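> What shape does this take:
(one chain, ligands or ions: 1)
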Amino acid sequence: MSEHLLVEREEGLLTLRLNRLHKKNALTRAMYSGMAEVLDQADRDASVRAVLITGGETCFTSGNDVADFIQAPPAGLNSEVFQFMRALFEFSKPVVAAVSGPAVGIGTTLLLHCDLVYVSREASLKMPFVNLGLCPEYGSSLILPRLLGHARAAELLLLGQGFTGEQAAAWGIANQALADGAATLAKAREMALRFQQLAPSAVTDSKRLMRAPGREELRRVIEEEGALFGQRLRSPEAIEALTAFMQRRPADFSQFG
Ligand code: COA
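Residues are numbered from 1 along each chain as shown. Here you go, the predicted model:
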């Protein structure tokens, strides 16, 4: 298990805590593998009633590790990031997220596959895929326009515009925006622990019913996005954008077109 991932257990609640704060909890291949493994085991373990995903009180995650994107871009549906997202997508029990500080890229995408999301008001969410020469991932090009309408989704996915925790709650991406990181984590934990008292099969049956409509279409979109994302990662546009991030300079797309 990666040292950058902490797994905590409190009654039937399993908490996955990202623990790489010096890199703003950027997600490495080892972290994705670890999270996929924990989720797969938790799904089989009848004593686990719900999972809570958090990065702590100050930072959710800055998304995929950019150095990993350059050195070892994920190759296809068996890559570590896909193993994790598939495990989350297929997870039969409730998943709760507690989000404070930055939630960038996959840090926002993954919230679309959680069941309950609590955010701190000043959390900063962002899907800067186009800004990195990439494209939306894991169903977000389908889910977000349906949830927000095309116009607002276009601001988030075609401009890569960021938004606050307060906006995420107002738009239905999150359940509630709370005053700060501590209140957010406390609320998410309180709600996740409620599943301990509920009939487990009634909960999983209900989740399955809620997730069923349009699932095959969503799977198809996920595959299409995944293939394109993989191609885009190797494109000159993405290489320029990712290198620019590492060199702490703005990307220059003027040569492309
Ligand atoms: N991958 C790798 N390293 C990352 C990272 C990422 N996604 N996000 C942050 N880091 C590193 C920085 O390089 C820096 O490392 P250093 O101290 O060795 O120089 C450290 O984490 C702190 O980041 P910094 O940018 O200084 O913090 P900040 O508070 O000013 O900004 C963010 C935080 C999250 C807004 C900013 O780091 C950011 O935009 N990160 C990139 C997000 C991104 O594009 N993710 C990919 C999406 S597909």
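
> Only C-alpha atoms from now on, for both contacts and neighbour counts.
Fine.

> if I pick Thr28, what's in contact with it?
Thr28 sits next to 64-65, 68 when contact means Cα atoms under 8 Å, 6 or more residues apart in numbering.

> Against Pro74, how distant is it?
Separation of Thr28 from Pro74 (Cα to Cα, to the nearest Å) stands at 11 Å.

> Surely Ile106 touches Gly63?
Yes. In this structure, Ile106 is within contact of Gly63 by Cα atoms under 8 Å, at 5.2 Å.

> which of those two has more neighbours?
When Ile106 and Gly63 are compared for neighbours, Ile106 comes out ahead with 25 against 22, by other Cα atoms under 10 Å.

> Next, the contact list for that one, please.
Contacts were defined as Cα under 8 Å, 6+ apart; by that measure Ile106 touches 63-64, 127, 137.

> Now rank those residues by neighbours and give me the top one.
Met127 (27 neighbours).

> Spatially nearest residue to it (excluding sequence neighbours)?
Gly105 (4.4 Å; Cα to Cα, 6 or more residues apart in numbering).

> which residues touch the helix or strand where Leu185 lies?
Applying DSSP states H and E as the criterion places Leu185 in helix 181-193. For helix 181-193, contacts defined as Cα under 8 Å, 6+ apart pick out 12-13, 50-52, 54, 56-58, 94-101, 117-120, 177-178.

> tally of neighbours for the closest residue to the ligand within the stretch 51-200 of the chain?
Closest to the ligand within the stretch 51-200 of the chain is Asp65: 3.3 Å, counting by Cα to the nearest ligand atom. Around Asp65 sit 16 other residues, with neighbours defined as other Cα under 10 Å.

> Was I right to think Arg208 contacts Glu90?
No. No contact is recorded between Arg208 and Glu90 when judged using Cα under 8 Å, the distance being 9.5 Å.

> Wait, a strand at Pro128?
No. Note on Pro128: no strand contains this position according to DSSP: H, G, I helix; E, B strand; the rest coil, which reports coil.
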